[in-house]
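K.L.:
Sharing a sequence plus its predicted fold:
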Amino acid sequence: MPIRERFTAEMKEAMKAGDKPRLATVRMIQAALKDKDIEARGLGKDPASDEDILSLLQKMIKQRNESAAVYEQGGRPELAETERSEVAIIESFLPKQMDETETKAAVEAAILETGATGPKDMGRVISALKGTFAGRMDFAKASGLVKAALAAKG
């Protein structure tokens, strides 16, 4: 099922089940997606692709994790818990995340594929990884792995 249709189906399910937190989170995702589509249309581009949607979901997860940390530091654990529950719901739409071994193998393959020879080629390698593994890889961790691998080459 295409991811856009899955959002609609999940929203209907949450409505029927009376699951207000899930319903609110799915509506928030759809609103962010609509904003992204409007932005793309304004630039003369097509609506967001599945890769763009997965990237958007990862960005939303990162924002909520950062907010939860701020709430924890500010002594507001109830707000931090709300953010974490939203993260869990958003993550349910992402494909299974790659573990560290799979990520290392993918990084090595991307370095070979792009012919990267040193740190100056990092952007090309990350771009290749994002094209292939959007939504399945933690690019913050992958970036560190790419940097270390290219530093050893260069």
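P.N.:
That came in fine, so what should we check first? Residues are numbered from 1 along each chain as shown.

K.L.:
OK, contacts around the residue most central in space within the chain?
P.N.:
With distances taken as Cα atoms, centre = their mean, Gln58 lies nearest the centre of the chain, 1.9 Å away. Going by Cβ atoms under 8 Å, 6 or more residues apart in numbering, Gln58 touches 94, 135, 139. Where C-beta positions appear, they are placed from N, C-alpha and C, glycine not excepted.

K.L.:
Between these, identify the one with the most neighbours.
P.N.:
Within those, most neighbours by other Cβ atoms under 10 Å means Gly135, with 19 neighbours.

K.L.:
Touching, it and Glu51? I think so.
P.N.:
Yes: in this structure, Gly135 is within contact of Glu51 by Cβ atoms under 8 Å, at 7.3 Å.

K.L.:
Which ones among the contacts of Gln58 lie within strands?
P.N.:
Nothing among the contacts of Gln58 maps onto strands, per DSSP state E.

K.L.:
Minimum pLDDT in these, which residue is that?
P.N.:
In terms of pLDDT, the lowest of the contacts of Gln58 is Gly135, showing 72.

K.L.:
And that one, how far from Gly44?
P.N.:
25 Å (Cβ to Cβ, to the nearest Å).

K.L.:
Among the contacts of Gln58, name the ones in helices.
P.N.:
Phe139 (DSSP state H).
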